Each structure stands twice: as structure tokens, then as C-alpha cells.
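K.L.:
have a look; sequence and predicted model below, questions after that.
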Amino acid sequence: MLEINNQYTLMKRRIDAEVLKAYFADTLEAIVDTLPIHIIPRERDPNRCCVYKERAMVRYRIMALLGVDIDRDDDEYKPLARYVGEALAAEAQPLPTLTTITPGCSGCPDEQYRITDSCRGCFARPCLANCPKDAIVFTNGRARIVEERCIKCGKCLDVCPFHAVIHVPVPCEASCPVGAVHKNDEGFVEIDHDACIDCGHCAQSCPFGAIAERSSLIHVARMLKEKVPVVAMVAPAIEGQFPGSLAQIKAGLVALGFTKVVEVAEGAHITALHEAQEVSERMEAHAGFMTTSCCPAYMELVDRHIPSLSARRSTALSPMAYTARQCHEQMPDAKLVFVGPCIAKKVEARAIPSISMVITFAELAALFVARDIDIKEIAAQEAPDSSLYADCRGFACPQGVSQSVLRRSAKPVQTMNINGVDKKTVRLMRSWEKRPPEVDLVEVMCCEGGCMAGPGVVVNPKIAMRLRQGADVARVGTIPLGGKKHV
Amino acid sequence: MEQKRISVKICVGTACFVQGGADLLLYEDFLDPELLGLCDIEGTSCLGGCKTDDPKWKAPLVEIAGVLYPNVTKQRLAELLREAVDA
């Protein structure tokens, strides 16, 4: 997985901000077709083959921002201004969420292990000795891999004393926990939407930015511009994503034009209560382990790939669902927007009619930049009494959900955590049908590092964590976090 | 002779923070300890440079010994500090 902030994600954020600035200035349709030229000037030292390719990719990024399904609706003859008009007329969260940008895809060669010039043709030959498929042969005193026999187990790479074996992965395929991303007959990336669980790992992994999430940002911007009553439901991971306290972030959202800001940690409290009750009932009935149900990518994973876990999941609704229910009861006329770190939440939200749209923290960041709102300087919003649910802000971090459940449980509960789902974890979870884990509660988070490391975050979790613990943003760099500090 | 300490201010205004500035705050992780020993690094309120229309002035901004630099990456910060220390 790539770092959260790299050349591509920063470019994405800049494009989002430029589009929003123009939208709020009522000039978007007039300038959108020349925006790629403005963002990629001719003098730029390009990261792709040339500035023209970069401009083409900016165009696709803008289309993804407008929610266009690039796989199906890419029309090169159509000006972006027309896409803008169509996007503004749409009402619902666009699905499927992920779309591919074929012209951006590098068509990476198939995954392979290769032996490089560094091979010394040594006497011990550990590669040969450890290969389970006899795929290593020696020609001219050097090792070579016979591709037809290689099963890509990586044993030769592990044992070579000269590091002469390299592994060349296909990043998108490697990151997909369920094998939904593959290359089509032309060698370009394709997503099997029936298998996809919307975790977003492929989009986070592709160094070419060839997988994009279709955004609803422009719709949210429209709600704000037209001043309709709209509630921001902010995920627990939001704390630490911007340079200020949670109360300042809330004030920033109000400054953007949201009528009200509600913490989804409130709904998480209800989820945790429900799960505590349910796990205790299961323990009394000796019904075996139960898993959490708040991670939407995990819910899709079970629905599509691991039916044996269907009945193991808690029946609790997600924190977002409970929060939406509360907000809808209190303000039935307001539109609800979920702001979170997650792409799969966009799919979950489509099944909840009261939620209009879902945007990510990265998209919220673009809104702040476009509207020139500085969280560091803004006066904090008066904080409501949060003692009931304050600990549920931990839902964003590994073990945070299970700890919240434990605190609400009358008796001791044995827990275990799945921190990040990859191919291997999926195999493990499949095996639970035969060999169930001997615990009462399994907390599952599809992203390694929890929601704080989700595909829609802005800030490196190391920094975000320190800010969540109350560090001053000006001094945050000097505070070590449990690890080593250089002296 | 004692070397003069270099004052380094990393902008943590929202625009800089969300466009790569937050990563610069991990300087303990990526800067040479020798440089860290010679610099006083802290986060600072918006330095204002991002407000111009000049395309060169892109976030994130860093002020080193009173001079403002735009578009600073981790690698660039390390280079700039090395230059400042050697000067």
C-alpha cells in the first residue's frame, strides 16, 4: 500500500479544491475544460510521459469527482462542462463506487519472481534446495526461474544470501483481498463488481492512479451553496485529521455551511451497547464467537465470499445507521451527509434512505481549502456533554470497538482482533467454519490500522494519533508515540 | 565556536496541513539526527504564502531562518536544512 500522501493523492486534493473553488465562484462550467491546462502548465516537469498525458488524467480525475462511471461513460467528445451539468442534476450516491481509468493503467506485467544479475551461482544453492516445484535451473553458472513451474511462493527470495531474487507484484491485484481486481484481455485493470467489497485497497495501491472512487463531493457542495438544511455526521476517525481540536473541526464544518454537526460516536455507543448485550446472550447459550458488524467492507466480504460467517455477525446496526436514525428523528427535513475515512460506507449508505451522501476526509479537506477555512485559527464550537459516548471515538482505532463493548459488558469477554484484511486473512476467516476461534468477540477492521488508516484519510495515522491524544499541532512533531525517539 | 541554531517553522494552516504539511511534522522520523540537533522546528499558523495566485507558491510552506519556501516535501526539507546548516 502506498503512503497516504504521495504525489498522486496530493494532486487529487488539489484538483478537488480547484473544482470546488470554481463551483463556489459560479465559474465551473466556464473553466472546467481548461482546468487541466491550468493545473498542468506546459513548463511542468511531468511525472507521466508528457504534460498532455497528465492533463488527460486530470480530466479523468475531474470526471471521477463528478461521479462519472469512467468504465462505461467515458466519452472523449463530450466537454467536461456537460458532465458538470449532468452531475449536478443527479440525486443519489453514484454506484459502483470504484471505477478504472484505463488510459492511466500502466498494464503492469504479470506478477513474477525474477533472478537478477546479483546471482553469484553459489555452491550451497539455497534457492534450488528450497524450491518446492523444481522451478530453479542453473544455466551458465546462474540461477534462473522456469516460469511455467513457478508457483510464486517466494521461498527463493527469502533464502538468497545475495538478495538476487526480486518480486515484481501487480499492486492492485496484490492488494485486493478477494481477487476482484484483475487484468483484462488487453492487459489493463478491470474490477469485478460482483466480487468487489469496496475496501478501496486497490485505489490506495495503484501508483499510477488508475483506480478512482466516484465522488459525491459536488452534490454536497451544491447543498452547502444552496443553503438547504444539511447535517454532517462525522465518523470517529475525524479527530486528528485537521490541525485543531475536535470542537474546532466541528466549527469548521459549520463555517462551511452545515446546519449541524453530529458525532457518529453517539451511534457507536448504541452499537456497543447492543453488541455487549448480544455477546453476553451468546455466551450464556454457549453459541460460540460473534464478530462485530461496523466495518462495511467486512459486511460485504461476508455477504459475497464467506457465507459461513453470516450468522456470526452481530445484529447491531452500524454507528452510522444509528446516528442517521437519531438525526432523522430530530430533523426530518434535513439532508444527512456522512463524513468518514471509508469508501465502503458509500455502498452501505445507499441502503439507508435517510442518508443523502457520503464524502471522505480527503474530500472535506478540499472543501476547507476551497472555502479558505483554517481549522487551526477557528474558534471552537461549544462542546456538548459527550461523557456517554466519548470512549466510542475509539471505534476508529484497532481494538477500539472491542474495548467499547467490554466497557459496556457486565462480565468479562474474551476478544480477538482482525486488524486489516488481506488474502491470507480471508483464508483464515474461511477456516473458522471448521476451527472457530476460542473467543467470545472478534473485532474485524478491513483496513490495517483501523479507520484511521482508511482510504479516505488525509493525515498519517502516527500524526493523527498524537493529535487525538491532545497534542498541540505546533509541537506534535516532538512528541514520541510509544516508539523510539532519536536522541 | 558554537553554531547558531536554525529556526524552522512548518506551516500548519489547514491548506498546508492537508496538502502534505502534516507529513513534514514527522521530521523526527526522516531527518538526520545531526540536523535535528541544530534546528528548532515547530508548527506555525498560516504563513500566508499560499494566498497568492502565483503558481509557484504552492502548499506546503516552510520558513527556514526567516526565508519562506513553497512546495516543500520531506526530501526538500532535508536538503534545505542541510544547506542552511552548511551555510
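P.N.:
Okay, I see it.

K.L.:
make it CA atoms for all contacts and neighbour counts henceforth
P.N.:
Will do.

K.L.:
low-confidence stretches in chain B?
P.N.:
B:1-2, B:55 (pLDDT under 70).

K.L.:
in it, which residue sits nearest chain A?
P.N.:
For chain B and chain A, the shortest gap (Cα to the nearest Cα) falls at residue B:43, measuring 3.7 Å.

K.L.:
need the three-state assignment for that residue.
P.N.:
strand (DSSP: H, G, I helix; E, B strand; the rest coil).

K.L.:
so what's it bridging to?
P.N.:
residue B:10 (DSSP bridges).

K.L.:
spit out the contact partners of it.
P.N.:
The neighbourhood of residue B:43, defined by Cα atoms under 8 Å, 6 or more residues apart in numbering or on different chains, consists of A:473, A:474, A:475, A:476, B:9, B:10, B:11, B:12, B:25.

K.L.:
around the closest residue to residue A:448 other than its chain neighbours, how many other residues sit close by?
P.N.:
Using Cα to Cα, 6 or more residues apart in numbering or on different chains and skipping residues adjacent in sequence, the residue nearest residue A:448 is residue A:420, 3.6 Å away. Using other Cα atoms under 10 Å in any protein chain shown, residue A:420 has 18 neighbouring residues.

K.L.:
residues contacting residue A:420?
P.N.:
Residues in contact with residue A:420, defined by Cα under 8 Å, 6+ apart, are A:444, A:445, A:446, A:447, A:448, A:449, A:450.

K.L.:
ok, now residue A:127?
P.N.:
Neighbour list for residue A:127: A:136, A:155, A:156, A:157, A:159, A:160 [criterion: Cα under 8 Å, 6+ apart].

K.L.:
I'd say the second one and residue A:133 touch.
P.N.:
No. Contact criterion Cα atoms under 8 Å: residue A:155 and residue A:133 do not qualify, at 10.7 Å.

K.L.:
picking up where we left off before, put the buried members of the contacts of residue B:43 into a ChimeraX selection.
P.N.:
Per 16 or more other Cα atoms under 10 Å in any protein chain shown, the buried members of the contacts of residue B:43 correspond to this ChimeraX selection:
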select /A:473,474,476 /B:9,10,11,12,25
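
K.L.:
got the contacts of residue B:43 as CSV, with distance to residue A:356 columns?
P.N.:
As requested, the contacts of residue B:43 are arranged in CSV below (distance: Cα to Cα, whole Å):
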residue, distance to residue A:356
A:473, 33
A:474, 36
A:475, 38
A:476, 36
B:9, 41
B:10, 38
B:11, 35
B:12, 32
B:25, 36
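
K.L.:
return the member of the contacts of residue B:43 nearest to residue A:239.
P.N.:
residue A:473 (12.3 Å; Cα to Cα).

K.L.:
SS state for that closest one?
P.N.:
Classified using three-state DSSP, residue A:473 is coil.

K.L.:
specify the local secondary structure of the nearest residue to it once chain neighbours are set aside.
P.N.:
Spatial nearest neighbour of residue A:473, chain neighbours left out: residue A:243 (6.0 Å); criterion: Cα to Cα, 6+ apart. Secondary structure for residue A:243, judged by three-state DSSP, is coil.

K.L.:
does residue A:243 touch residue B:14 like I think?
P.N.:
Yes. Residue A:243 is within contact range of residue B:14, at 6.3 Å (criterion: Cα under 8 Å).

K.L.:
pull up the overlap in contacts between those two.
P.N.:
A:375, A:376.

K.L.:
contacting residues for the closest residue to chain B within chain A?
P.N.:
Per Cα to the nearest Cα, residue A:474 is where chain A lies closest to chain B, at 3.7 Å. Shown in contact with residue A:474 (Cα under 8 Å, 6+ apart): B:12, B:42, B:43, B:44.

K.L.:
what's the farthest-apart pair in these?
P.N.:
B:12 and B:42 (9.4 Å).

K.L.:
can you tell me the closest non-neighbouring residue to the residue nearest the centre of chain B?
P.N.:
In chain B, the residue lying closest to the centroid (Cα atoms, centre = their mean) is residue B:62, at 3.3 Å. Nearest residue to residue B:62 in three dimensions, chain neighbours excluded: residue B:10, at 4.6 Å (Cα to Cα, 6+ apart).

K.L.:
contacting residues for residue 39?
P.N.:
If you meant another chain, say so; for now it's chain A. Taking Cα under 8 Å, 6+ apart, one finds A:15, A:55 in contact with residue A:39.

K.L.:
the intended chain is chain B.
P.N.:
B:5, B:6, B:7, B:8.

K.L.:
need those in CSV with distance to residue A:284 and neighbour count, can you?
P.N.:
Formatted as CSV, the contacts of residue B:39 follow (distance: Cα to Cα, whole Å; neighbours: other Cα atoms under 10 Å in any protein chain shown):
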residue, distance to residue A:284, neighbour count
B:5, 65, 12
B:6, 64, 19
B:7, 63, 14
B:8, 60, 21
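
K.L.:
near chain B, which residues of the stretch 351-487 of chain A?
P.N.:
A:365, A:368-369, A:372-377, A:458-460, A:463, A:473-478, A:485-487 (Cα under 8 Å from any Cα of the partner chain).

K.L.:
for residue A:480, give me the pLDDT.
P.N.:
As predicted, residue A:480 sits at a pLDDT of 67.

K.L.:
going through the residues of the stretch 351-487 of chain A next to chain B, which ones are buried?
P.N.:
Neighbour-count burial (16+ other Cα under 10 Å) applied to those gives A:365, A:368-369, A:373-376, A:458-460, A:463, A:473-474, A:476-477.
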